[in-house]
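1. need a structure here:
(chains A and B)
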Amino acid sequence: MTNILDLQNIATQVRRDIVRMTNAVNSGHPGGSLGCTEFMTALFFDIMEHNPADFAMEGKNSDMFFLSNGHITPVLYSVMARRGYFPVEELKTFRVFGTRLQGHPSTAHGLPGIRMASGSLGQGLSVAIGAALAKKMDGDNKLVYTLHGDGELEEGQIWEAAMYAGAKKVDNLIATIDCNGQQIDGTTDEVLALGDLKAKWEAFGWTVVGCENGNDMKQMVDALTLAKTLSGKGKPVVVLMKTEMGYGVDFMQGTNKYHGVAPSNDELERALAQLNETLGDY
Amino acid sequence: MKTYENKKMKDLRSGFGEGLVDAGAQNHEVVALSADVTGSVKMDGFAKAYPERFIQCGIAEANMVGIAAGLSLSGKIPFVGGFAEFVTGRVYDQIRQVVAYSNKNVKICGSHAGVTLGEDGATHQTMEDIALMKALPNMTVLVPCDANQTHAATVAAMRHNGPVYLRFGRPKMPNFTDENQEFVIGKAQMLNEGKDVSIIATGHLVWEALEAAKALEAEGILAEVINIHTIKPLDTEAIIKSAKKTGAVVTCEEHLFNGGLGDSVAQTLALNCPTPMEYVAVDDKFGESGTPEQMLVNYHLKAVDIVGKVKAVLVRKK
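-> Modelled structure (predicted):
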């Protein structure tokens, strides 16, 4: 297991990447990216068994991850690059014409580590189920992970997939939900209240793991480790992690203002002053 | 003209079902997914022969398309089956994102296509599916003309690496192509050579086109009949060659005017060799309940309608 302090240092650098990448092109989604930084760092640097240097689309005998809320590419690309899927330098091409780092994940531009286009919300869980079923058919005992936004749970396909995975006991699947309580038009309570998510997932036949503070690295690692130990027992596992949108930069925190808005040059300066350059900027 | 024998009336969906079992025997990576219409779509043969490779998704087509895309990653060849409307129109965005744009080796198989679905009525009779699927980059669109050809097309879809939409219908129709035919994706099939007009048809209307050619021959009009079983990629070479030879074209399909075979042919002609042309297709309206035969008659998709359009185009021919 990777040391928590080391993971925290990586997360701080990832946050620098996120604000710099979005500022550079004055677009992208920094808010959700910052909120999911602990999760993505823990997953890519500690939890998943994968081989970034030798990426294969088939993913045989390797854990797989599908980003269903595809708009948070800043955090995805940063952890992928920092973990060795592609050169860190390439982060400077984010959203720039001709880049492999498309606004939303794409397989059409050959970026190692991306297995499916996403961003049209609600589809990643179904894709992950397919990948998990293929692993079962092939006798491959590795796991399949997904990340979804809580607002994304308003999509009906999520519940088609949840019903399927529960009913058919797809127990090599760990779904994670970024419960930041925010979506574009306001809070999830204002837009379309999600109700009791724990009860909902349990009713669909899932094992539910909670994470009270998904921005606390130790708690995040513990929750994902627990989810792993609960897999393979006849039920899919879902991790409900409470996070704060924009976490790590005081003026971006706890608001949906930066969902799809990049920090300005002044804001970037203020943000970087709060984030140490732990691994070196790209 | 060359004669074709209707060996036996047979539904195209049964050709698909048999082709799927065949594809499954030839390649162990073939898997099939159904959304509670396994018997209707004739996937029950595959489900029985290969239960470990059959996935029952329940009435959840969007999830089914996503699962298929996920399965394809490991090298599986998923065949997604359902009523054409519900595996295309209902899940257009799913197909767009995780099949076409992500360029996955998934085969979307739409049964009960067109007005010949009959009594179920317009809710289930898609006549827009070719338009939707051919609009997607990376997508190959196959529309075989009878049961034997649907069997061959299913096996060809398995061998083709990439997204495929395979369209076929529900009712028993004349089965007249060879049982063990070779199906070459993207290659037009010359059924009858002629010199006065080119009748370019797809799906159930290919038989009607042959019937029309027979009637026209009796009047001294020699019609060329071409079966386009691959709408995309279109065999433009064959179409241009025929249009240049005859100087008049009639397209025939069980689909709307907008976005079907006719539009693909019209585009080809406009860009390469502008030629007078008429469409036999449904003009911007939904279907209704009735027998398959009543539907063909009332929606003007019969041989007699093709003959009428041929005469109309011959008037315009220079």
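2. tell me the contacts of residue 79?
-> In the absence of a named chain, this looks at chain A. A:Ile10, A:Val14, A:Met40, A:Thr41, A:Leu43, A:Phe44, A:Phe45 (CB atoms under 8 Å, 6 or more residues apart in numbering or on different chains). C-beta here means a position set from N, CA and C on the backbone, and glycine is covered the same way.
3. should've been chain B
-> With CB under 8 Å, 6+ apart, B:Phe79 has these contacts: B:20, B:23, B:30-33, B:43, B:46, B:107, B:109, B:154, B:157-158.
4. Take those and keep only those in helices.
-> Of the contacts of B:Phe79, the ones assigned to helices by DSSP state H are B:Leu20, B:Ala23, B:Phe46, B:Thr154, B:Ala157, B:Met158.
5. Nearest to A:Asp6, out of those: which one, please.
-> A:Asp6 lies nearest to B:Met158 out of these, by CB to CB, at 48.3 Å.
6. can you redo the contacts of A:Val79 as JSON lines with neighbour count, secondary structure and distance to B:Ala212?
-> Shown next, in JSON lines, are the contacts of A:Val79 (neighbours: other CB atoms under 10 Å in any protein chain shown; DSSP: H, G, I helix; E, B strand; the rest coil; distance: CB to CB, whole Å):
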{"residue": "A:Ile10", "neighbour count": "26", "secondary structure": "helix", "distance to B:Ala212": "71"}
{"residue": "A:Val14", "neighbour count": "29", "secondary structure": "helix", "distance to B:Ala212": "67"}
{"residue": "A:Met40", "neighbour count": "27", "secondary structure": "helix", "distance to B:Ala212": "63"}
{"residue": "A:Thr41", "neighbour count": "30", "secondary structure": "helix", "distance to B:Ala212": "68"}
{"residue": "A:Leu43", "neighbour count": "23", "secondary structure": "helix", "distance to B:Ala212": "63"}
{"residue": "A:Phe44", "neighbour count": "24", "secondary structure": "helix", "distance to B:Ala212": "63"}
{"residue": "A:Phe45", "neighbour count": "18", "secondary structure": "helix", "distance to B:Ala212": "68"}
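7. possible to save these as a markdown table with pLDDT and distance to chain B?
-> A markdown table is the format used below for the contacts of A:Val79 (pLDDT from 0 to 100; distance: CB to the nearest CB, whole Å):
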| residue | pLDDT | distance to chain B |
| --- | --- | --- |
| A:Ile10 | 98 | 28 |
| A:Val14 | 98 | 26 |
| A:Met40 | 98 | 21 |
| A:Thr41 | 98 | 25 |
| A:Leu43 | 98 | 18 |
| A:Phe44 | 98 | 19 |
| A:Phe45 | 98 | 23 |
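8. returning to what we had before: now, which of the contacts of B:Phe79 lie close to chain A?
-> B:Val31 (CB under 8 Å from any CB of the partner chain).
9. rewinding a little: if burial is judged by neighbour count, which of the ones in helices among the contacts of B:Phe79 pass?
-> B:Leu20, B:Ala23, B:Phe46, B:Thr154, B:Ala157, B:Met158 (16 or more other CB atoms under 10 Å in any protein chain shown).
10. For the residue nearest in space to the middle of chain A, identify the helix or strand it belongs to.
-> Centroid-nearest residue in chain A, with CA atoms, centre = their mean: A:Leu147, separated by 4.6 Å. Following DSSP states H and E, one finds A:Leu147 within strand A:144-149.
11. what is the mean pLDDT for that strand?
-> Mean pLDDT, strand A:144-149: 98.
12. likewise stretch B:5-12?
-> Here the average pLDDT along stretch B:5-12 is 96.
13. quick one: buried residues of that stretch?
-> So stretch B:5-12, judged by 16+ other CB under 10 Å, has buried residues B:Lys10, B:Asp11, B:Leu12.
14. Stretch B:70-78 too?
-> Buried-residue list, stretch B:70-78, by 16+ other CB under 10 Å: B:Gly70, B:Leu71, B:Ser72, B:Leu73, B:Ser74, B:Lys76, B:Ile77, B:Pro78.
15. wait, which of the residues you listed is closest to chain A?
-> B:Gly70 (2.2 Å; CB to the nearest CB).
16. If we ignore the residues flanking it in sequence, what's nearest that closest one?
-> A:Gly130 (2.2 Å; CB to CB, 6 or more residues apart in numbering or on different chains).
17. The one you found: which element?
-> Residue-wise, A:Gly130 maps onto helix A:124-137 under DSSP H and E.
18. That helix versus strand A:144-149: what angle between them?
-> 170 degrees (axes from the mean of the first three to the mean of the last three CA atoms, to 10 degrees).
19. what does chain B put close to chain A?
-> Going by CB under 8 Å from any CB, the residues of chain B near chain A are B:31, B:52-53, B:55, B:57-58, B:60, B:62-76, B:78, B:93-94, B:96-98, B:101-104.
20. Which members of the residues you listed occur in helices, if any?
-> B:62-72, B:93-94.
21. which among those residues end up buried?
-> B:Ala62, B:Asn63, B:Met64, B:Val65, B:Gly66, B:Ile67, B:Ala68, B:Ala69, B:Gly70, B:Leu71, B:Ser72, B:Gln94.
22. For A:Gln175, which three-state class applies?
-> Let me fix one detail, which is that residue A:175 is Ala and not Gln. strand (DSSP: H, G, I helix; E, B strand; the rest coil).
23. what are the bridge partners for it, then?
-> Beta bridges link A:Ala175 to A:Thr146, A:Val238, judged by DSSP bridges.
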